[in-house]
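Participant: quick one: sequence plus predicted model below, questions after.
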Amino acid sequence: KNMPYTPVTVYASVMEEDVFGLNDHVPQDTHLVLVGHSVGCYIILQIMKRNPELKVIKSVLLFPVIERMACSPQGQVMTPVLCRLRYAVYLPVFLLSLLPEKLKAGLVQLALRNVYSLDTTMTPATVSLINVDCIANAMYMGSQEMSLVLERDNSTIPKILFFVCFYFLRLLIFYYGATDHWCPVQYYCDMRRDFPEGDIRLCESCLRHAFVLDAGEEMANMTTEWIRDDLRRLKQ
């Protein structure tokens, strides 16, 4: 009771000065292109829902995990691990983190040996993740995703799209994988059924969900083509 500010006042003050948060850090005259992958697509939809004043000219949602995450084939495998067994992973990761860098790099290469045309930058990036704090944070976030990414938000989306349905759906590109165990083809079919006027695509190149392993450049080139016309119109 001797605090100079109430918790609410302190929180509001911090939020007003929070240059790294989600509040007021995008200038009002800035046009945005949002590109998300996996659960990042869920985050993009939340951003657009909560900040409708943002000047988003295109949002590209790659392999979008926006619904029924725990019910997906991969989700059914990972939910018990992330929600109940994740603490058992910490000790092995800690022991691995003590190994010399070259040995860790060798183990990563061994684990990824079956990935065709592996991007060589993946090895040092993966080695840097062999850290208890990093793994603990990632697995905790994963457990939250399993419990929060449930049904597609069909109660809110129609309200947002009431007057701008056709425009908004073309503002979004949904790109589903043909062999994606996090968002199977059935989810793509359901989206096409519920939003037939939307820009909802199915991958024809058989790219994996984790396309960054071996097809990052291909995916980047496709995304660039999709937004090129929008960027040209913006310059006119």
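Facilitator: That came through, no problem.
Participant: show me where the protein has its helices.
Facilitator: Secondary structure of the chain by DSSP state H: the helices cover 7-16, 39-50, 73-83, 87-97, 101-111, 122-127, 132-148, 157-160, 165-171, 185-194, 216-235.
Participant: tell me the centre residue of the chain?
Facilitator: The residue lying closest to the centre of the chain (Cα atoms, centre = their mean) is Gly40, at 1.7 Å.
Participant: any idea how far the closest residue to Ser38 other than its chain neighbours is from Cys71?
Facilitator: Among residues not flanking Ser38 along the chain, Val65 sits closest, at 4.8 Å (Cβ to Cβ, 6 or more residues apart in numbering). Bear in mind the C-beta positions are built from the backbone N, C-alpha and C, glycine included. Separation of Val65 from Cys71 (Cβ to Cβ, to the nearest Å): 11 Å.
Participant: intersection of neighbour lists for these two?
Facilitator: Common neighbours of Val65 and Cys71 (criterion: Cβ atoms under 8 Å, 6 or more residues apart in numbering): none identified.
Participant: ok, the two, which is more surrounded?
Facilitator: Each of Val65 and Cys71 has its neighbours counted (other Cβ atoms under 10 Å); Val65 has more, 24 against 14.
Participant: run the chain-centre distance for stretch 68-86.
Facilitator: In terms of Cα atoms, centre = their mean, to the nearest Å, the centre of stretch 68-86 is set 17 Å apart from its chain centre.
Participant: got any ranges where this protein has weak pLDDT?
Facilitator: Within the chain, the stretches with pLDDT under 70 are 1-25, 155-169, 236.
Participant: what is the burial count for Met78?
Facilitator: 22.
Participant: for it, give its distance to Ser72.
Facilitator: Going from Met78 to Ser72 by Cβ to Cβ gives 9 Å.
Participant: Asp214 now?
Facilitator: With Cβ to Cβ as the criterion, Asp214 and Ser72 are 22 Å apart.
Participant: surely Ser97 and Ile130 touch.
Facilitator: Yes - at 5.2 Å, Ser97 and Ile130 qualify as touching, with contact defined as Cβ atoms under 8 Å.
Participant: between the two, what contacts are shared?
Facilitator: Contacts common to Ser97 and Ile130, judged by Cβ under 8 Å, 6+ apart, are Lys104.
Participant: those two: who's more crowded?
Facilitator: Neighbour totals were compared for Ser97 and Ile130, and Ile130 leads with 19 against 16 (other Cβ under 10 Å).
Participant: how about the contacts made by the more buried one?
Facilitator: Contacts of Ile130 (Cβ under 8 Å, 6+ apart): 93, 96-97, 104.
Participant: out of those residues, who has the most neighbours?
Facilitator: Counting neighbours by other Cβ under 10 Å, the top entry in those is Lys104, with 19 neighbours.
Participant: not counting sequence-adjacent ones, nearest residue to Met139?
Facilitator: Among residues not flanking Met139 along the chain, Arg86 sits closest, at 4.2 Å (Cβ to Cβ, 6+ apart).
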